[in-house]
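Peer 1: got a structure for you, letters missing:
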C-alpha cells in the first residue's frame, strides 16, 4: 500500500482555500452587490436580467464545487498532488472567468471559452484518480479482499 504524506496535499489545500475565498468574495458578494444595485430585496431570486445573471452565476458555482473538490482531492490522493493542484488552479481560474463573464453579460461565449475547458479539467482529475486507483488494485490485488 502507498503511504500518503501531508506534503501530497499542500497544493490542493491551497487551491481549495483559493476557490472558497473566490466563491465567497466574488460570487456570493457579487449577488449582494447586484441586489443593492438593482433593488432586489431578500429573499427574492428574480429581478432584472443583470441581477438574475449574477444570481445564476453564483448558483452555478455552488453546483460545480462538490464535483471539483472530490475530483481534485481524489487525484491528489491517488495520483499526484502537484498535478491535482495545477489542474485545480486552472479550474478555479476558468470558473472565475466564466462567472465574471456571465455576471457582466449574461449567457455568452463564456460557456465555450471557459466552462468546457473547466469540465475537461474535472474530467482529467477524475480520470487520473480512477486510473491510478485501478493501477494500484491491479498491482496489489490483495487490496480487493
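Peer 2: Great, that's in hand. All values reported here derive from a predicted model rather than from experimental measurement.

Peer 1: which outside residues touch stretch 103-122?
Peer 2: Stretch 103-122 is contacted by residues 30, 34, 49-50, 53-54, 57, 64, 67-68, 71, 87-88, 90-91, 94-95, 97-98, 101-102 when judged by Cβ atoms under 8 Å, 6 or more residues apart in numbering. For the C-beta atoms, the positions are set from N, CA and C on the backbone; glycine is no exception.

Peer 1: how about the residue nearest to residue 40 when sequence neighbours are not counted, secondary structure?
Peer 2: Computed as Cβ to Cβ, 6 or more residues apart in numbering, the closest residue to residue 40 that is not its neighbour in sequence is residue 47, at 3.8 Å. Following DSSP: H, G, I helix; E, B strand; the rest coil, we place residue 47 in the coil state.

Peer 1: need the contact list for residue 47.
Peer 2: Residue 47 makes contacts with 35, 38, 39, 40, as judged by Cβ under 8 Å, 6+ apart.

Peer 1: among the contacts of stretch 103-122, name the ones in helices.
Peer 2: Among the contacts of stretch 103-122, the members falling in helices (DSSP state H) are 30, 34, 49-50, 53-54, 57, 64, 67-68, 71, 87-88, 90-91, 94-95, 97-98, 101-102.

Peer 1: lowest-confidence helix or strand of this protein?
Peer 2: Least confident helix or strand, the chain: helix 110 with a mean of 67, by mean pLDDT, DSSP states H and E.

Peer 1: any of the contacts of stretch 103-122 buried? List them.
Peer 2: Buried members of those, counted by 16 or more other Cβ atoms under 10 Å: 30, 34, 50, 53-54, 57, 64, 68, 71, 87-88, 90-91, 94-95, 97-98, 101-102.
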